[in-house]
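In: Coordinates for the following, if possible.
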Amino acid sequence: MVSTEEERMHKFEMKRRTFLKSAATLSAGATISGALPAWASTKEAVMATWGGDYSRLLGEIVQPISMKKDDVSVVFDTGSTSARKTKVIAQSKRPTNALDVVSFANSDMHLLSENGYLAQLTEKEIPELKNVYPQFATSYSIPHIYSALVIVYNKDKVKAPKSYKDLWNREYEGKIGLANALYAQAIVASALAHGGSNENFEPGYKPLLELKKAGAKILPSNEAVANAFKSGDIGVTLMWRARAYQWKKLGLPLAFAVPSEGALPVIFEAAMTRNAGHPEAATVFLNAMLNPEAQAGFAEKMGYIPTVRNAKLPGDLMETIGFSDTDRENFVKTNYAYVAEQGRKMLEWWSQTFKAA
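Out: Reported below is the predicted structural model:
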C-alpha cells in the first residue's frame, strides 16, 4: 500500500516466506501481461515490472528518452509483485542476474535492499537524482512516481472533512465505505486519529471497530468503491489520490482532503539488481525515468505525481493530483520494521474481527 521516506532502523533478517508476504501489507499488487518487445538497439536492459498501463507507458514515454540519450532499449518482464520478488531472489544466486532493473512499491523495495539484492545508486550513476525531493531519496533506488492516501468525498453530499478523526463525527455515519484491499491503511489512519503513530497501531483497532458498527461499509475492491460513489451508497472513503483522480475524470463529483494527521504515501520505485548483467544500460534507463518530461507524462496519463522538483505540471492538474511542500513534509514516515512485525496481526484482525462485526 503506501509509505514515504526511510525510517532509520536496525537491519533484520527475514525468512524467505516472511519476506515474500510482509511488504505486501503496505503496497499494491499488479496485473500480469505479456512482455513488450525491445526496440532494435546495441544496448539493452531487462526490467521486471508491472504490466498494463505502467509498462506500456514506460515504453511510450521513458524508452524514447533512453534511446535518444544513449541508444538504450528495455525488455519488460511483467508479472505480479510476488512473482517478481521470487524471481529477484532466485536470480541473486547467479553470477549474472537476468534482471537488470526492478520496479516495486517502496515497502517491497526497502526489504529487497535490506536483504542485499540491490545495487547502491548515487548521482554519479543517476545524475537526475539531484532533483529528487528529499522525502523520497534512498541509497538503493530511484523514486519514480508517488501518490498518497487522502480522504475522498462526494462534494455534493457531505461536508469536507479535514482529518481522519473527522470520520468519526456523526455527520458521516452510514456514509463511509472502505476498500478491503486497503485494510492496513485504514488501521493506520485510525491509529493516527486516536493518538497512535507510525510505530504504534494499537490505538486504531477499537475506534475502527466502532466505525464499522456505526455503519461503515467494507467494499471488495477499489472499483466497488467507485461504483458505490456513483450509486450514492457512500459519500466518503480513504483512497489513493491518483486512483480518485481517475474517478473524477469519469465525471464523479469528488473532492479530496489531505488529512491534518499526515497522509500515507506510496512511492513506486525502480532499482538496479546487485549483480545486473547490463549495469550501464540499467542506469541510463533509471535516469530517463526521472527525466522531467517523462515524469510529467506519467502524471497526465496515470495521475501519479513527479518525484523531482524540475517537472512542471499544468496548474489545474497539479491542483487535482498534487501535494504541497507542507503536505510532503507532513507525510507519515513508514517504519518498515514495525510494519513487517505487525503485518500478520493487522490482516488477521481485519479478516476475523472487523469483517465479522
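In: After the helix or strand of the chain with the lowest mean pLDDT, which helix or strand is next?
Out: Using mean pLDDT, DSSP states H and E, helix 16-22 stands out as the lowest-scoring helix or strand of the chain, at a mean of 42. Proceeding N to C from helix 16-22, the next assigned helix or strand is strand 43-49, under DSSP states H and E.
In: Let me see the residues that make contact with that next one.
Out: 38, 55, 58, 70-79, 84, 87-88, 98-103, 270, 276-278, 280-282, 284-285 (C-beta atoms under 8 Å, 6 or more residues apart in numbering). Just so you know, the C-beta spots here come from the backbone N, C-alpha and C atoms, and that holds for glycine as well.
In: Direction included, what does that strand pair against?
Out: Strand 43-49 has these partner strands in its sheet, going by DSSP bridges: strand 72-78 (parallel), strand 101-105 (parallel).
In: just these: most buried one?
Out: Comparing the strands paired with strand 43-49 by mean neighbour count (mean count of other C-beta atoms under 10 Å), strand 101-105 comes out on top with a mean of 27.
In: Now it: average pLDDT?
Out: Average pLDDT, strand 101-105: 98.
In: Can you classify the spatially most central residue of the chain as helix, strand or coil?
Out: With distances taken as C-alpha atoms, centre = their mean, the residue of the chain nearest its centroid is V266 (3.1 Å). When classified by DSSP: H, G, I helix; E, B strand; the rest coil, V266 comes out as strand.
In: so it bridges to which residues?
Out: S147.
In: doesn't D108 make contact with it?
Out: No: counting by C-beta atoms under 8 Å, V266 sits too far from D108 to count as a contact (10.8 Å).
In: Pull out the buried residues from stretch 347-357.
Out: For stretch 347-357, the neighbour count (16 or more other C-beta atoms under 10 Å) marks L347, W349, W350, F354 as buried.
In: I'd like to know how far the first one sits from V339.
Out: To tie it back to what came earlier, the one meant is L347. Distance, L347 to V339, using C-beta to C-beta, to the nearest Å: 12 Å.
In: Repeat that for the third one.
Out: Separation of W350 from V339 (C-beta to C-beta) stands at 15 Å.
In: what do you get for the last one?
Out: When C-beta to C-beta is applied, the distance between F354 and V339 equals 18 Å.
In: Mark out where each domain of the chain begins and ends.
Out: 16-146+265-318, 147-264+337-354 (automatic domain parsing).
In: want to try a markdown table for those, with distance to D325 as columns?
Out: Formatted as a markdown table, these follow (distance: least, C-beta to C-beta, whole Å):
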| stretch | distance to D325 |
| --- | --- |
| domain 16-146+265-318 | 9 |
| domain 147-264+337-354 | 12 |
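In: and those domains, which one is worst for confidence?
Out: If you rank those by mean pLDDT, domain 16-146+265-318 sits at the bottom with a mean of 89.
In: all helices of the stretch 101-250 of the chain, in order?
Out: Here the stretch 101-250 of the chain has its helices, by DSSP state H, counting those that start in this stretch, at 106-114, 183-193, 205-213, 222-231, 241-249.
In: wait, which of those is closest to L290?
Out: The closest of the helices of the stretch 101-250 of the chain to L290 is helix 106-114. By C-beta to C-beta, the value is 15.3 Å.
In: angle of that closest one against helix 183-193?
Out: Angle of helix 106-114 versus helix 183-193, following axes from the mean of the first three to the mean of the last three C-alpha atoms, to 10 degrees, is 100 degrees.
In: Please save the CA atoms from helix 106-114 in PDB.
Out: Extracted in PDB, the C-alpha atoms of helix 106-114 (Å, rounded to 0.1, in the frame of the first residue of the first chain):
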ATOM      1  CA  ASN A 106       8.700   1.400  -1.500                       C
ATOM      2  CA  SER A 107       7.900  -1.200   1.200                       C
ATOM      3  CA  ASP A 108       8.900  -4.100  -1.100                       C
ATOM      4  CA  MET A 109      12.000  -2.200  -2.400                       C
ATOM      5  CA  HIS A 110      13.200  -1.500   1.200                       C
ATOM      6  CA  LEU A 111      13.100  -5.200   2.100                       C
ATOM      7  CA  LEU A 112      14.900  -6.200  -1.100                       C
ATOM      8  CA  SER A 113      17.700  -3.700  -0.200                       C
ATOM      9  CA  GLU A 114      17.800  -5.000   3.400                       C
END
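In: Centre of the chain to it, how far?
Out: Averaged C-alpha coordinates place helix 106-114 at 12 Å from its chain's average position (C-alpha atoms, centre = their mean, to the nearest Å).
In: same question, stretch 172-181
Out: A distance of 21 Å separates the centroid of the chain from that of stretch 172-181, by C-alpha atoms, centre = their mean.
In: Now do the buried residues in that stretch.
Out: For stretch 172-181, by 16+ other C-beta under 10 Å, it's Y172, K175, I176, G177, L178, A179, N180.
In: Can you list which of the residues you listed are found in strands?
Out: Taking DSSP state E as the definition of strands, the buried residues of stretch 172-181 contribute G177, L178, A179.
In: Could you single out the nearest of those residues to Y133?
Out: A179 (27.1 Å).
In: May I have the residues that are in contact with that closest one?
Out: A179 neighbours (C-beta under 8 Å, 6+ apart): L219, S221, N222, A224, V225, T237, L238, M239.
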